[in-house]
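J.: turn this into a model:
(2 chains)
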There are 2 protein chains.
Amino acid sequence: MNKADLVTSIKHKKSYLCVGLDTDTTKIPAHLLKAKDPIFEFNKYIIDATIDYAVAYKPNLAFYESLGKAGWESLEKTLEWMPKDVFTIADAKRGDIGNTATMYAKAFFEQLPFDSVTVAPYMGEDSVTPFLAFKDKWAIVLALTSNAGSKDFQQLSLSDTNQPLYKEVLKKCAAWGSDENLMFVVGATKASYFKEIRTIVPDHFLLVPGVGAQGGNLQEVSQFGLNSSCGLLVNASRSILYAANDETFAAAAKAEAKQMQQEMKTYLEDYLSW
Amino acid sequence: MNKADLVTSIKHKKSYLCVGLDTDTTKIPAHLLKAKDPIFEFNKYIIDATIDYAVAYKPNLAFYESLGKAGWESLEKTLEWMPKDVFTIADAKRGDIGNTATMYAKAFFEQLPFDSVTVAPYMGEDSVTPFLAFKDKWAIVLALTSNAGSKDFQQLSLSDTNQPLYKEVLKKCAAWGSDENLMFVVGATKASYFKEIRTIVPDHFLLVPGVGAQGGNLQEVSQFGLNSSCGLLVNASRSILYAANDETFAAAAKAEAKQMQQEMKTYLEDYLSW
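T.: Below is the predicted model of the structure:
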């Protein structure tokens, strides 16, 4: 999916919600465990329940890989079930040398039909650019994450710039691609940082985890993060997936997604006059 | 596998060679493509040919994932084929928040029977420590890699220490575990750096890519990298796997592995008197 189509979808749904499919067999409603493929069954209900309110879906690869071949099968079926007009993100956080990065790109862009994959920047340029060579596909590079460990390395100040490492990641990576094939992960627990981040990458989409469960504030993220093309995909996983864990789970997920979409709609109106 | 058993195996084989299984259907001999599972068929021959000279095997996950479910199956079969006394490394370079890192650990340590997995440090402590909670399993954290992109972030100097980022990674990560559950990736193209690295992590095993194809020098790596428990696993992938690409490929791989082992044997004698 290209940028224009993503923006069209956001305008149409008045939403920049991404639903994270961190589907965990120990957390899904018990009655689904009787299904042939409980993971796919759960995802199907979640997608159908939230499709009016979400523009993107983000399966977390670890949850599928932990089930081996069966997990890979659930993932394939989930992607087949996805309506064609949603933006799909393989949350895989891959990062390796050039020929290996190309293999990962093939895994997610050709073997599976993902639009994008999350990428770790530690190994530098040749670990990121192979993902940018695929038409209408995206690399979403980790810049500032929302976990406690983000302080260990991402926020350390560099000698040359007196600025934290994550800003160097934003600057360098932005130069390797464009806002048509690169996005960045920026954790929402740092809403105050969005203003500064927008001076470095004014035009790029930012994928924002950490709203809700991890304490991020949607209003602040939107106020400082929105740009003229929206430029935000705000992810919610557990708060939607596990809003209820009985037979009402899909309805509860729908209500939770709708509530976030309604809030997003007001920010699109207030800050962008959309 | 614990550290004592790994050292025993190194002493027994007089080798610290790791064979990287970056098995690529476009590079294996044509006659194998007729097999039911060419990837597994190739790996089987390579393992059998090199087992007297190698103490570790390192499948590169990207090459298997790029083939989807079938690739996962080839990987499972390859691990089943592995003799029990070799050290196995999932070269996956994973790195994610705590609950996701635990899922990756389950994927590689429980769903698959790997001894270790390579881990990217960018997301910090909670992305590394979940791998350390599994008995006799290892996290192998990227410190300094051998690719061109290592200069982009790993080698940037930090304000607080005036030292490059990768040294901070070594220092911090070493404190999160021990030399019984943590190793580090250190690229061999920087053999001169091994001396300094050994002052930071004197006791840890280092996984060393980049010897051969990427220009690293085995003698220098061994001189500066060996410690009293050996402390090195030197990886070779393409130079062994694709030493020949006709029906002699297994014999050629064996000769190449033997040559590296013979050289390692002299360094174990010269530098450690083993």
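
J.: now do the contacts for the residue of the stretch 151-274 of chain A found nearest chain B.
T.: Of all residues in the stretch 151-274 of chain A, A:Asp152 sits closest to chain B, at 3.3 Å by Cβ to the nearest Cβ. (Each C-beta comes from the backbone N, C-alpha and C, glycine too.) For A:Asp152, the contacting residues are B:Pro121, B:Gly124, B:Glu125, B:Lys172, by Cβ atoms under 8 Å, 6 or more residues apart in numbering or on different chains.

J.: hmm, 7 Å instead?
T.: Going by Cβ atoms under 7 Å, 6 or more residues apart in numbering or on different chains, A:Asp152 touches B:Gly124, B:Glu125, B:Lys172.

J.: pull the contacting residues for the closest residue to it other than its chain neighbours.
T.: Computed as Cβ to Cβ, 6 or more residues apart in numbering or on different chains, the closest residue to A:Asp152 that is not its neighbour in sequence is B:Gly124, at 3.3 Å. Each residue near B:Gly124 by Cβ under 7 Å, 6+ apart is listed here: A:Asn147, A:Gly149, A:Ser150, A:Lys151, A:Asp152, A:Phe153.

J.: now do 6 Å
T.: B:Gly124 sits next to A:Gly149, A:Ser150, A:Asp152, A:Phe153 when contact means Cβ atoms under 6 Å, 6 or more residues apart in numbering or on different chains.

J.: hmm, which of those residues are the buried ones?
T.: Those of the contacts of B:Gly124 that meet the buried threshold are A:Gly149, A:Ser150, A:Asp152, A:Phe153, by 16 or more other Cβ atoms under 10 Å in any protein chain shown.

J.: from those, which is closest to B:Tyr267?
T.: Of all the buried ones among the contacts of B:Gly124, B:Tyr267 sits closest to A:Phe153, with 33.2 Å by Cβ to Cβ.

J.: what about the longest helix in chain A?
T.: helix A:249-272 (DSSP state H).

J.: go through that helix and flag the buried ones.
T.: A:249-250, A:252-258, A:260-261, A:264-265, A:267-268.

J.: cool, stretch A:125-138 as well?
T.: For stretch A:125-138, by 16+ other Cβ under 10 Å, it's A:Glu125, A:Asp126, A:Ser127, A:Val128, A:Thr129, A:Pro130, A:Phe131, A:Leu132, A:Phe134, A:Lys137, A:Trp138.

J.: who's in contact with the second one?
T.: Each residue near A:Asp126 by Cβ under 6 Å, 6+ apart is listed here: A:Gly98, B:Asn147, B:Ala148, B:Gly149.

J.: that older thread, can you list contacts of the longest helix of chain A?
T.: Applying Cβ under 6 Å, 6+ apart, the external contacts of helix A:249-272 come out as A:14-17, A:29, A:45-46, A:49-50, A:53-54, A:218, A:222, A:226, A:239-240, A:243-244, A:274.

J.: let's see it at 7 Å
T.: Outside helix A:249-272, the residues that touch it by Cβ under 7 Å, 6+ apart are A:14-17, A:19, A:29, A:45-46, A:49-50, A:53-54, A:218, A:222-223, A:226, A:236, A:239-241, A:243-244, A:274.

J.: quick one: buried ones out of those?
T.: Buried by 16+ other Cβ under 10 Å: A:14-17, A:19, A:29, A:45-46, A:49-50, A:53-54, A:218, A:222, A:226, A:236, A:239-241, A:243, out of these.

J.: name the SS class of A:Ser178, please.
T.: Applying DSSP: H, G, I helix; E, B strand; the rest coil to A:Ser178 yields a three-state assignment of coil.

J.: phi first, then psi, for it.
T.: Main-chain dihedrals, A:Ser178, degrees, to the nearest 10: phi -140, psi 180.

J.: in terms of helices and strands, where is A:Phe63?
T.: Per DSSP states H and E, A:Phe63 falls inside helix A:61-65.

J.: by contact count, what packs against that helix?
T.: Helix A:61-65 is packed against helix A:68-81, strand A:87-94, helix B:98-106, with contacts defined by 3 or more Cβ pairs under 7 Å, 6 or more residues apart in numbering or on different chains; DSSP states H and E.

J.: save those as JSON lines, and put in mean neighbour count, mean pLDDT and distance to A:Glu41 too.
T.: Output for the helices and strands packed on helix A:61-65, formatted as JSON lines (neighbours: other Cβ atoms under 10 Å in any protein chain shown; pLDDT from 0 to 100; distance: least, Cβ to Cβ, whole Å):
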{"stretch": "helix A:68-81", "mean neighbour count": "18", "mean pLDDT": "96", "distance to A:Glu41": "9"}
{"stretch": "strand A:87-94", "mean neighbour count": "25", "mean pLDDT": "98", "distance to A:Glu41": "19"}
{"stretch": "helix B:98-106", "mean neighbour count": "21", "mean pLDDT": "96", "distance to A:Glu41": "19"}
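
J.: out of the ones you listed, which is closest to A:Lys195?
T.: Closest of those to A:Lys195 is strand A:87-94, at 24.9 Å (criterion: Cβ to Cβ).

J.: now the closest one and helix A:98-106, what's the angle there?
T.: Interaxial angle of strand A:87-94 relative to helix A:98-106 (axes from the mean of the first three to the mean of the last three Cα atoms, to 10 degrees): 150 degrees.

J.: go ahead and confirm A:Trp138 touches A:Phe184.
T.: No. In this structure, A:Trp138 is not within contact of A:Phe184 by Cβ atoms under 7 Å, at 10.7 Å.

J.: out of the buried ones among the contacts of helix A:249-272, list just those in strands.
T.: Counted as lying in strands by DSSP state E, out of the buried ones among the contacts of helix A:249-272, are A:Leu17, A:Val19, A:Ala236.

J.: got any ranges where the stretch 151-274 of chain A has weak pLDDT?
T.: For the stretch 151-274 of chain A, residues meeting the criterion pLDDT under 70 lie at A:190, A:212-216.

J.: tell me the residues of it that contact chain B?
T.: By Cβ under 7 Å from any Cβ of the partner chain, the part of the stretch 151-274 of chain A that sits against chain B consists of A:151-154, A:156-160, A:162, A:165, A:168-169, A:172.

J.: between those, which is nearest A:Cys230?
T.: Looking across those and measuring by Cβ to Cβ, the closest to A:Cys230 is A:Val169, at 22.4 Å.

J.: noted, bye for now.
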